[in-house]
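Student: sequence below, structure please.
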Amino acid sequence: MPITPATATHTSSNGTADAILLELVDENGVTIGTAEKLAAHQPPGQLHRAFSVFLFDERGRLLLQQRALGKYHSPGVWSNTCCGHPYPGEAPFAAAARRTFEELGVSPSLLGEAGTVRYNHPDPESGLVEQEYNHLFVGLVQSALRPDAEEVGDTAFVTPAELAERHAGDPFSSWFMTVLDAARPAVRELTGPSAGW
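Tutor: Model (predicted):
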């Protein structure tokens, strides 16, 4: 029986993730099994399915999220709007919409697929490894944010110039630029050339 949101063990309030199962995949994104979340991120890492969401406001600004300090992996760093892992058997699109609502309290508008990217990013701070086959999504946010403080430390809408300035001075997730660069064609299609992405 596939693990669903109703049958999966969820992250506890202290950010531990031992019992959550991730979907392991091969280099083509084909499911080959499952592993516990923390085990999948131990060096050298096990290739698993993930997703990254990029939401923009009506002015073409990207919504960044600062990960809460209590998170077990990459706490306190800035990253894209939302990222995470589908439950085994859960469609990446459904997972992306679900987690965006759970973390930020909003449902994306016009959420669309933006391709996939495969990467291997060790995190020097935690010693964990992001070995991911990542499904990318872009969309719009058109309602007020209601962030979950256990997940989100802060949020910011940024232009490309503001992102470059922030990226030069603040800590960002190890995967951020990889997923942003992979999503750029879809971002430009969504925001238009005048936004500068």
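
Student: what is the neighbour count of residue 176?
Tutor: Neighbours of residue 176 under the rule other CB atoms under 10 Å: 20. For glycine as for every other residue, the C-beta is placed from the backbone atoms N, C-alpha and C.

Student: quick one: it from residue 31, how far?
Tutor: 26 Å (CB to CB, to the nearest Å).

Student: likewise residue 179?
Tutor: Residue 179 is 21 Å from residue 31, where distance means CB to CB.

Student: pick out whichever of those two has more residues nearby.
Tutor: Comparing residue 179 with residue 31 by other CB under 10 Å, the one with more neighbours is residue 179, at 25 against 14.

Student: isn't the more buried one right next to residue 81, touching?
Tutor: No. Residue 179 is beyond contact range of residue 81, at 10.6 Å (criterion: CB atoms under 8 Å).

Student: common neighbours of these two, please.
Tutor: Listed as contacting both residue 179 and residue 81 by CB atoms under 8 Å, 6 or more residues apart in numbering are residue 54.

Student: can you show me the strands along this protein?
Tutor: Listed in chain order, the strands of the chain (DSSP state E) span residues 21-25, 31-36, 48-56, 62-67, 78-79, 82-84, 109-122, 129-140, 152-158.

Student: make TSV out of those strands and add distance to residue 183 and mean pLDDT.
Tutor: As requested, the strands of the chain are exported to TSV (distance: least, CB to CB, whole Å; pLDDT from 0 to 100):
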stretch	distance to residue 183	mean pLDDT
strand 21-25	19	97
strand 31-36	23	98
strand 48-56	6	98
strand 62-67	10	97
strand 78-79	13	97
strand 82-84	11	96
strand 109-122	5	95
strand 129-140	5	97
strand 152-158	15	97
